[in-house]
Every structure is written in structure tokens, then in C-alpha cells.
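Colleague: structural data only, the sequence is not supplied:
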């Protein structure tokens, strides 16, 4: 999603069930594309682990945009940048980045095959400088943008059915 995209209409959902389905869809898409992913096991929990849910290793590109949320209105406040996921779970995501994320609230857009991108809102909980032009960050999912735009306005080539439904 570009912040100047006035032709689309979105609703922000805070439903954990919808967020979980969206994350499961992202994982399933990349599992179908990469057969080696099927052999990967969930990351192991360690005693000092504070996460509420398991995460799986997943290295896929994701578009990130810093945003603010005020009175139910989501406003982009920065340039879009590309990151790579390190791990993902139903409650959050870990990222590798070239630049620091300057906002606490970030919109992450994931591509899924033959369907609209999945846009998850996450709250950045931590960030650290790893090396020159290398940062790590992580956070918790706090919302899902549901696209309310009629499909015919988005698809130039007609309705493209999803094989992952």
C-alpha cells in the first residue's frame, strides 16, 4: 500500500483471530513456494524466552512504512523501506533492515501469491544496530488492514482466484 493510494478503502481490525489467519496465510504461501521451508521446524523456546507464541524462521521481503494512528486514521509518516523477515509468529515478527525504523508503529506489507498483499500493523518493541547498514528489529502485531475496495477496481485482468483459501 502506498500512503497516497486514495482509490483503496481499508478497515483496521484488531482481532487476534484475523491476525492469526493472516500470518498463517503468509507462512502457507511461502511454504508452498519453497519446499525447503517444509523441513524447517518452529524455533525452539528457551528458558529466557518471553514471547507468548512460537515463531518460525521465515526470510521473505516485506515493505515497511512508518505510520501514526490517531482517532482511527492511519497516516504514513515516512518513506517506504524494504526489510527481510527473520522469524514470524501469530503475535509478532523479527526483521533485518538496512536502516533503522524511526517510528513505533509500522505498517508491514507481505506479498502472497495470486491475491492482494497482506498488511499487518505492528508495534516496534525493540531495535538494535548490528553493523554498518545492518539493523535488527522486532515487534508485536496490533492490527490487520482489511481491504474493502471492490476487487474489480484492483484487478486489471479480472478476478484471480486464490489457491490458498
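Modeller: Now that the structure is in, tell me what you want to look at. This is a predicted model, so every value here is computed, not measured.

Colleague: now do the helices in the chain.
Modeller: Ranges of helices in the chain, per DSSP state H, are 16-33, 151-154.

Colleague: and the average pLDDT for the first one is what?
Modeller: Mean pLDDT, taken over the full extent of helix 16-33, equals 89.

Colleague: check which residues of it are buried.
Modeller: 19-20, 22-23, 25-27, 29-31 (16 or more other CB atoms under 10 Å). From N, CA and C alone the C-beta is placed, and that goes for glycine too.

Colleague: show me what the closest residue to residue 105 other than its chain neighbours is bridged to.
Modeller: Leaving out its chain neighbours, the residue that sits closest to residue 105 by CB to CB, 6 or more residues apart in numbering is residue 67, at 5.2 Å. Following DSSP bridges, residue 67 is listed with bridge partners residue 76.

Colleague: returning to what we had before: can you redo the helices of the chain as JSON lines with distance to residue 111?
Modeller: Output for those, formatted as JSON lines (distance: least, CB to CB, whole Å):
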{"stretch": "helix 16-33", "distance to residue 111": "8"}
{"stretch": "helix 151-154", "distance to residue 111": "14"}
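
Colleague: which of these sits closest to residue 114?
Modeller: Taking CB to CB as the measure, the helices of the chain were each checked against residue 114, and helix 16-33 came out nearest at 9.0 Å.

Colleague: got the contact list for the residue nearest the centre of the chain?
Modeller: Note on the chain: the residue nearest the mean C-alpha position is residue 108, at 3.9 Å, using CA atoms, centre = their mean. By CB atoms under 8 Å, 6 or more residues apart in numbering, residue 108 lies in contact with 62-64, 83, 93, 119-122.

Colleague: and it, how close does it get to residue 81?
Modeller: 11 Å (CB to CB, to the nearest Å).

Colleague: which neighbours do the two share?
Modeller: In contact with both residue 108 and residue 81: 63-64, using CB under 8 Å, 6+ apart.

Colleague: doesn't residue 141 make contact with residue 91?
Modeller: Yes: counting by CB atoms under 8 Å, residue 91 touches residue 141, with 6.2 Å between them.

Colleague: comparing these two, which residue is more hemmed in?
Modeller: Between residue 91 and residue 141, counting by other CB atoms under 10 Å, residue 141 is the more crowded of the two (22 against 19).

Colleague: tell me the contacts of that one?
Modeller: Residue 141 neighbours (CB under 8 Å, 6+ apart): 19, 23, 90-93, 120-122.
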